[in-house]
Structures are given as structure tokens and as C-alpha cells.
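Chemist: Show me the folded form of this:
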Amino acid sequence: MQPVLWNRTLSSDIPVGSLIEAEADPAARLKILEMVRDYGFCKIVDAPTDPEESQRMIQLVGAQRQTHFGTYTLKKKTTVTNVGDTTGPLDPHVDKPYRFAAIGITVFQVLRPSSNGGASTLVDGFEAARHLKEQWPEDFELLCKTPITCQRFDPGDNSHGNMRWYKCRLPVIRLDDQGSVCGVRMNERQISPLDVPADQVVPVYRALKRLFELL
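Modeler: Below is the predicted model of the structure:
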């Protein structure tokens, strides 16, 4: 199956599934999983607002994979080590690009809607990569073959008191063995200064900037 590429026109008909229906009917559960496979996301309705019931949504997909964040509650805080706990808007990004094995499916459970802001913005990274390849093929090739270092320092707030430094070095755009895009790792807050030959610094930054602008 090929993924369905999409843009803002999808906003009038986004993938939606019911948790209650999925729990009662394997066919409804399969439909949700197929929408995640094809579109990369699915909005779940009829979901609980009790944090103790978060596993109900996770179990639609499978076993929960624990990272150093564990099951994390995003909320406004006065002192933060996670930018998600601020009230400022975040650019489109993928989580944890500093891991060699990137996150598969992230489940967000809305416990209490914000009265001001708090909207989730979704972007199709595969569609952005397609545009980049179409408009600037040289930049696309650069981001497919140039390893980019991403890193994060965890002071221990989210990992049982253990300080850790996460770091990996991989291209932003990943291709499968057929040459098709199968992954996009973009997070402007976790990209380190470029470690590339001097004559590649300007071209790679240009390619990154163009992909960010598309996103």
C-alpha cells in the first residue's frame, strides 16, 4: 500500500474513528489502523477524559513503548525542560529525531481543552518531501544523503532522575529500497550545528530552510 499524500484540503474530511465502536467491533478498529497507515493520523472521538483510561486508546494500536518521557502530561508550567509545556506555538515537527529508532505512533489524549490556543497542527511530511523533490531536486538529494545530527539533553526530570544525552546522526529524508520516501525527521529545535564539509554547509542549510518553509 502507498501512503495517501495530503494537504490543507483534507481539513474538511479528516480521518475520524470512534473509540467505543473500535472497542466493540474489530472491523471499526481495523479501519482506524488503516487510516493511520494511509494518512499518518486519525482523530479519535468518544475518547475518555480520565488519564487513567489512556491505555484504552493505546490498546487500539498495540503495546506501549516507553521512552524517557513515559506517559507524559503536557500542561503549562512556570519552569520547563519540555517546550510542549509552554504556551507558545510550535512549528510542525516529529518527536525524538535524536533516537535511531524513531517513534512509531504517538497517542494524544485531550483531558481538558484549552480556552486559548492549544490546537494541534498536522502536516504531511511525505507530501512536503514530494514538493521539495519536484521544485528543488538537488536539495531533496542533499537531505536524503547528508547525515544531520539531532540531540537532546535530559536533565533527569523525565527519566527517574538520570541525566542523559541523546544523540543520533541520520539523513532528514529516508528512502526505502525502492527509492520511495519512507520517513521524514524534522525538528528545528533539536538539530545540532552542521557537521559537513565546508562547501556543503550553505547548500544543506538552504535545503533545510526550503523544507521547513514547505512544512
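Chemist: all helices of this structure, in order?
Modeler: Along the chain, the stretches classed as helices by DSSP state H are 19-24, 26-39, 54-58, 125-135, 137-145, 201-214.
Chemist: pLDDT below threshold where in the protein?
Modeler: Residue ranges of the chain with pLDDT under 70: 68-70, 79-81, 84-85, 157-160.
Chemist: follow-up on the earlier one: Gln2 is nearest to which of the helices of the chain?
Modeler: Among the helices of the chain, helix 26-39 comes nearest to Gln2, with 8.5 Å by Cβ to Cβ. Placement of C-beta: from N, CA and C, glycine included.
Chemist: Can you give me the buried ones in the closest one?
Modeler: By neighbour count on 16 or more other Cβ atoms under 10 Å, the buried set for helix 26-39 is 28-29, 31-33, 35-36, 38-39.
Chemist: Can you give me the end-to-end span of stretch 165-177?
Modeler: Taking Cα to Cα, to the nearest Å, stretch 165-177 runs 31 Å from one end to the other.
Chemist: For that stretch, buried residues please.
Modeler: 166, 168, 170-174.
Chemist: now stretch 125-135
Modeler: 125-129, 131-133.
Chemist: now that stretch: how far from the chain's centre is it?
Modeler: 17 Å (Cα atoms, centre = their mean, to the nearest Å).
Chemist: Need the residues that contact that stretch.
Modeler: By Cβ atoms under 8 Å, 6 or more residues apart in numbering, the residues outside stretch 125-135 that reach it are 3, 5-7, 40, 92, 94, 139-140, 143, 173, 181, 184, 186, 207, 210-211, 214-215.
Chemist: in this structure, which spans are strands?
Modeler: Per DSSP state E, the chain carries strands over the ranges 16-18, 43-45, 148-154, 164-170, 173-175, 181-184.
Chemist: The ones you listed: which one's closest to Ala119?
Modeler: strand 43-45 (12.4 Å).
Chemist: now Val4: how far from Gly40?
Modeler: For Val4, the distance to Gly40 equals 9 Å [Cβ to Cβ, to the nearest Å].
Chemist: Can you pick out the residue with more neighbours from the two?
Modeler: Shown here are Val4 and Gly40; by other Cβ atoms under 10 Å, Gly40 has more neighbours (19 against 15).
Chemist: Looks like that one contacts Val123 (just checking).
Modeler: No: if you go by Cβ atoms under 8 Å, Gly40 and Val123 don't touch, sitting 9.5 Å apart.
Chemist: Contacts only, for the residue most central in space within the chain.
Modeler: Residue closest to the average C-alpha location in the chain (Cα atoms, centre = their mean): Val94, at 2.9 Å. Residues in contact with Val94 (Cβ under 8 Å, 6+ apart) are 102-103, 125, 184-187.
Chemist: what about it, distance to Gly183?
Modeler: 9 Å.
Chemist: thinking again about what came up before, show me which pair in the buried residues of stretch 165-177 is furthest apart.
Modeler: Tyr166 and Ile173 (20.8 Å).
Chemist: Quote the end-to-end distance of stretch 134-153.
Modeler: Separation of the first and last residues of stretch 134-153 by Cα to Cα is 36 Å.
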